[in-house]
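In: sharing a sequence plus its predicted fold:
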Amino acid sequence: MRRKIPFVPIFIFALVFLLINGYALTALAPLISSALLPWLWIFPLTLLALFSFSLTRLSVDGPSSLFKISAHALLVYFVSLLVFVLAEVITDIYRLGLAGVNYITQSNFVYPERPIIGVYIGILLASLIIIAFVYGIFKGKYAYRVIRHTLYFDDLPDAFDGFKLTQISDVHAGSLNNPKAVQKGIDLINRQQADLFVFTGDLVNNKAEEVKPYINHFSQIKAPFGQFSVLGNHDYGDYVKWESDISKRENLQQLKKYHAEIGFRLLLDEHVTLEKNGQKIILAGIENWGLGFGERGDLEKALQGTTKDEFKILLSHDPSHWEAQVKNHPSKIQLSLAGHTHGMQFGFEAFGLKWSPVQFRYKHWAGIKKENRRYLNVNRGFGFIGFSGRVGIWPEITVIELRKTKATN
C-alpha cells in the first residue's frame, strides 16, 4: 500500500528550491564560465527527481533506501544552499546601500558589482555546513555527551541530599544501526553510577519489534533504586497503518513487555515511593501528554494517594505538558523530566548561545528551566529519527544531582 503524496507542498518546495538555486548560480557566475553554468543544474535537478520518485514509491511499511539517501542528500544541499544565498543576500543589501549613496553623490551613476569576497565567504560557509552535516550523519548521531546539573531544593528530604539520577530519552531503536556505538552509550550511562535511572519515552519509532536487537544492550543499565520509564508519542504506533485496531493494541502490549524484559519499570499514570533512611520521595510517570501529539496521560491519577507537599519527580515525555499542567499544579511537583524535542537534531550550542529551529515550536526545548520554584529538564535524546544524524545538538545522557538547600541564619 502506498502513502498519499502531498503534491501541493512538494510542488511549492520544488519551485522555491529551483528559484533559490537560480539565484545562487547568478552569484557564482563571475567565477564560472558561461558554458559550464547550465551543467550546474544537473545535480540539484537530479536530487529533486530522485526524491520525488522515491516519494511515489513510499509505502506505509517505511521509507526505502532510495528515499533515505535522496532525502538526506537534498537536505544537506538545500541547507548549504540557503547559507550560501543568505551570504549573497547580505552582499546584495550592501550593494543596494552603496548604489543609493552613489545615486545621491555622483552624477555618473554606476550600479556597483557584487564584491567577489562575498561569494568566497558564501562558498566557505556552505562548505562548513556540508562538513558539519557529513560529520553529523556518520559520527555525530552517536557522539554521546554527559550533561550534568546540580539542582537545589529547600524541601528535599535530608536523606536524599546528594541523590543522583541519570536520564535518557527518545532512543528510537528503529533508527539505530550501529550496535557497537550504542554499547558505548550504554557503558557511559553505567559509568555515571547514579542512584536512579529514568527513561522518558519513545523507545521505538513505530513498532515494538524495532527494539528487539537492542534489548541486551539496554538491559545492562542498572541503578540501586531501579530503572523506570514512560511511553512517548511514537510508542503507540500512531504513525503507521495497521491491519486492525487489534494489531495496534497488541503491538503496544508487546512493547510494554519489552520494557519489562529490559528491566524498565513502566509507569502508566502511576507513582512509586523511593525510600532512603526512613524518608521518601515520589516518582510519578504518565502516559504521553503533548499538545498535538495525543493527550493520553492522566496526571491526577498518577498523583492519587500523594500529598500536596511531598517531594515529587515526574516523568512526562512531552515538555508542553509541563507548561500546560505541571508548573502551576496545586500539588507541588519539584522536578519534571521530559524529552521529545531532540533539539530537532540540528542547532547551535556554544559560547553561551543556544539556537535550534525547534524553538519556534517549543517554549523550552533543551536543558533546565526553573519557574514557580519548580524545575523542568528536557533531554536532547539518545537516538534520532527522520534525519539520520545530529548537527550541533548531540545525543545526551543527563545526570542530575539533588541537593538540599542549606538553611541560613
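Out: Received the coordinates, thanks.

In: name the next helix or strand following whatever helix or strand residue 96 lives in along the chain.
Out: Using DSSP states H and E, residue 96 sits in helix 65-105. Counting by DSSP H and E, the next helix or strand C-terminal to helix 65-105 is helix 116-138.

In: extract the CA atoms of that following helix and return them as CSV.
Out: The C-alpha trace of helix 116-138 is given here as CSV (Å, rounded to 0.1, in the frame of the first residue of the first chain):
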residue,chain,number,x,y,z
ILE,A,116,33.8,38.8,-5.0
ILE,A,117,34.8,38.4,-1.4
GLY,A,118,31.1,37.9,-0.6
VAL,A,119,30.9,35.0,-3.0
TYR,A,120,34.0,33.4,-1.4
ILE,A,121,32.6,33.9,2.1
GLY,A,122,29.3,32.2,0.9
ILE,A,123,31.2,29.3,-0.5
LEU,A,124,33.2,28.9,2.7
LEU,A,125,30.1,29.0,4.9
ALA,A,126,28.3,26.5,2.7
SER,A,127,31.3,24.2,2.7
LEU,A,128,31.4,24.3,6.5
ILE,A,129,27.7,23.4,6.6
ILE,A,130,28.3,20.4,4.3
ILE,A,131,31.2,19.2,6.5
ALA,A,132,29.0,19.6,9.6
PHE,A,133,26.2,17.5,8.1
VAL,A,134,28.6,14.8,6.9
TYR,A,135,30.1,14.6,10.4
GLY,A,136,26.6,14.6,11.9
ILE,A,137,25.4,11.7,9.7
PHE,A,138,28.5,9.5,10.2
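
In: list the buried ones in that helix?
Out: For helix 116-138, burial by neighbour count (16 or more other CB atoms under 10 Å) applies to 118, 119, 121, 122, 123, 126, 129, 132, 133, 136, 137. For every residue, glycine as well, the C-beta is placed using N, CA and C.

In: for these, which one is nearest residue 320?
Out: Distance to residue 320 across the buried residues of helix 116-138 (CB to CB) is lowest for residue 136, with 26.2 Å.

In: go ahead and confirm the closest one touches residue 389.
Out: Yes. At 3.8 Å, residue 136 counts as touching residue 389 under the criterion of CB atoms under 8 Å.

In: any residues in contact with both of the two?
Out: Common contacts of residue 136 and residue 389 (CB atoms under 8 Å, 6 or more residues apart in numbering): residue 345.

In: okay, now residue 300: neighbour count?
Out: 12 (other CB atoms under 10 Å).

In: assign a three-state SS to it, would you?
Out: The three-state label given to residue 300 by DSSP: H, G, I helix; E, B strand; the rest coil is helix.

In: and for residue 151?
Out: Assignment for residue 151 (three-state DSSP): strand.

In: tell me the pLDDT of it.
Out: On the pLDDT scale, residue 151 is placed at 97.

In: what residues does it make contact with?
Out: 335, 368, 375, 400, 401, 402, 403.

In: and of the buried residues of helix 116-138, the nearest to residue 67?
Out: When these are compared for distance to residue 67 (CB to CB), residue 137 comes out closest, at 15.2 Å.

In: what's near enough to touch that closest one?
Out: Contact partners of residue 137, counting by CB under 8 Å, 6+ apart, are 72, 388, 389.

In: and what of residue 317?
Out: 169, 200-202, 230-233, 288-290, 338-340.

In: next: residue 8.
Out: Contacts of residue 8 (CB under 8 Å, 6+ apart): none.

In: would you map the strands across the chain?
Out: For the chain, the strands defined by DSSP state E cover 145-153, 163-168, 196-199, 227-229, 265-266, 270-276, 279-285, 312-315, 335-338, 348-350, 353-355, 367-371, 374-378, 396-404.

In: any idea what sits nearest residue 236, other than its immediate chain neighbours?
Out: Closest residue to residue 236 apart from its sequence neighbours, by CB to CB, 6 or more residues apart in numbering: residue 252 at 6.1 Å.

In: burial count for that neighbour?
Out: 14.

In: pLDDT score for residue 102?
Out: 62.

In: please parse this protein into its domains.
Out: Per the record's domain assignment (automatic domain parsing), the chain is made up of the domains 7-138, 144-404.

In: can you say which of those is packed in most?
Out: Across the domains of the chain, averaging neighbours per residue (mean count of other CB atoms under 10 Å) puts domain 144-404 on top, at a mean of 19.

In: how far does that one stretch from start to finish?
Out: Domain 144-404 has an end-to-end distance of 29 Å (CA to CA, to the nearest Å).

In: if I look at the residue nearest the centre of the chain, how far off is residue 381?
Out: Centroid check for the chain by CA atoms, centre = their mean gives residue 342 as the closest residue, at 1.3 Å. Distance of residue 342 to residue 381, computed by CB to CB, to the nearest Å: 4 Å.

In: same thing with residue 80?
Out: Distance of residue 80 to residue 381, computed by CB to CB: 24 Å.

In: ok, now residue 236?
Out: 18 Å.

In: same question for residue 82.
Out: For residue 82, the distance to residue 381 - CB to CB - is 24 Å.

In: just residue 63 next, same as before
Out: For residue 63, the distance to residue 381 - CB to CB - is 20 Å.

In: pLDDT below threshold where in the stretch 51-200 of the chain?
Out: 58-62, 98-112 (pLDDT under 70).

In: circling back to that earlier point, common neighbours of residue 342 and residue 381, please.
Out: In contact with both residue 342 and residue 381: residue 170, using CB under 8 Å, 6+ apart.

In: packing partners for the helix holding residue 96?
Out: helix 7-28, helix 42-56, helix 116-138 (3 or more CB pairs under 8 Å, 6 or more residues apart in numbering; DSSP states H and E).

In: of the contacts of residue 151, closest to residue 180?
Out: Nearest member of those to residue 180, counting by CB to CB, is residue 400, at 27.9 Å.
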